[in-house]
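Q: Sharing a model that was predicted from the sequence below.
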Amino acid sequence: MRITTELKSPLNRLFIYETADGYRVESVFYKGERLCVSSQVGCPVGCAFCASGLKGLKRNLSAEEIYAQYSLLKGELPIRGIAIAGIGEPALNADSVVEAIGRFKKEGLKVTVSSTGCDLEGFRKLVEAPHNGLTISVHAVKPHIRERLFKLKQPIEKVLEVVEEHLERSSSSRRKRFQLGYLLIKGVNDDEESLKLLAELAKRHRFTVMLMAYNEVEGLPFKGLSEEEYEKAFLKLRELGVRVTLSNRFRRDKLGGCGTLTIAREVKDEA
């Protein structure tokens, strides 16, 4: 694997890699400490709002390829943490992801993972891995909205059952390593009823909510919220008794924000 291109914004640095067989993936360095790496070439989940899966899945990345996204940069950047939250669904490449987590940990890095939990067997491996945090991508609690947003459908309670089974065998402090990720999309999942259902889910499982801002993708029919609307949703969840965090400015940047990574940026389409 080699780095072919670097793109910069005032906040982030995005790196495009080419694999030995000619595929491209991306990672993003969020200024300050964390590198967000990819786990697949493309993604089969097909989230309706996300650019990363528009071309479907090309193939899984090996553990070495996941690790290489870091090793090719570690002498240049002050990387202190890894987020396995770039292109791809980690649960669908769990063995390689877990092996890569082990390699990152040996480097003294904190490692977090994001997953929809669409494959319960693979998701269970991620839950039990020695990560420093796992974000469960919820994005909707109402079944009909989840069906609209996700191609691969898995009831959220089935996903959370896997986490709860693990936590029953773990120390009480382990629960703090899990949170729910919720991407606010205007007119889709930002209404008061949706937020109340999210609050009930979070409180039932005693999880924090990471409330993410949507980065609009050209060609997709979804819109983000205004600053005022975003803050209103945050305050509503706080009012409902939920521990909630907001997307920082690095993750709201168009270069590397949630859902904006792609396997063919600035290159011709691949059939």
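A: Perfect, thanks for sending it.

Q: now the helices for the stretch 1-150 of the chain?
A: In the stretch 1-150 of the chain, the helices defined using DSSP state H, counting those that start in this stretch lie at 63-71, 94-106, 120-128, 143-149.

Q: how about those helices in a markdown table, adding distance to residue 48, mean neighbour count and mean pLDDT?
A: All C-beta spots, glycine's among them, are computed from the backbone N, C-alpha and C. Converted to a markdown table, the helices of the stretch 1-150 of the chain look like this (distance: least, C-beta to C-beta, whole Å; neighbours: other C-beta atoms under 10 Å; pLDDT from 0 to 100):
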| stretch | distance to residue 48 | mean neighbour count | mean pLDDT |
| --- | --- | --- | --- |
| helix 63-71 | 26 | 20 | 98 |
| helix 94-106 | 24 | 19 | 98 |
| helix 120-128 | 21 | 18 | 97 |
| helix 143-149 | 5 | 14 | 87 |
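
Q: how about those helices, which one is nearest residue 36?
A: With C-beta to C-beta as the measure, helix 63-71 is the member of those nearest residue 36 (9.2 Å).

Q: Give me the angle between the closest one and helix 94-106.
A: Here the directions of helix 63-71 and helix 94-106 differ by 40 degrees (axes from the mean of the first three to the mean of the last three C-alpha atoms, to 10 degrees).

Q: What helices and strands are in contact with helix 63-71?
A: The criterion is 3 or more C-beta pairs under 8 Å, 6 or more residues apart in numbering; DSSP states H and E, and the helices and strands that helix 63-71 contacts are strand 12-18, strand 24-30, strand 34-37, helix 94-106.

Q: any chance of the helices of the stretch 1-150 of the chain in CSV, plus distance to residue 240?
A: Shown next, in CSV, are the helices of the stretch 1-150 of the chain (distance: least, C-beta to C-beta, whole Å):
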stretch, distance to residue 240
helix 63-71, 37
helix 94-106, 33
helix 120-128, 26
helix 143-149, 19
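
Q: Please compute how far stretch 232-243 lies from its chain's middle.
A: Relative to its chain's centre, stretch 232-243 lies at 22 Å (C-alpha atoms, centre = their mean, to the nearest Å).

Q: Contacts for that stretch, please.
A: 184, 190, 192, 195-196, 198-199, 202-203, 207-209, 211, 225, 244, 246 (C-beta atoms under 8 Å, 6 or more residues apart in numbering).

Q: If we use 7 Å, what do you get?
A: 184, 190, 195-196, 199, 202-203, 208-209, 211, 225, 244, 246 (C-beta atoms under 7 Å, 6 or more residues apart in numbering).

Q: one step back: what about the helices and strands packed on helix 63-71, which gets the closest to residue 58?
A: Nearest to residue 58, of the helices and strands packed on helix 63-71 and by C-beta to C-beta, is strand 24-30 at 9.3 Å.

Q: circling back: nearest to residue 49, out of the helices of the stretch 1-150 of the chain?
A: Of all the helices of the stretch 1-150 of the chain, it is helix 143-149 that lies closest to residue 49, at 6.5 Å by C-beta to C-beta.

Q: Surely residue 48 and residue 148 touch.
A: Yes - with contacts counted by C-beta atoms under 7 Å, residue 48 reaches residue 148, the gap being 6.5 Å.

Q: Give the residues shared as contacts by the two.
A: By C-beta under 7 Å, 6+ apart, no residue touches both residue 48 and residue 148.
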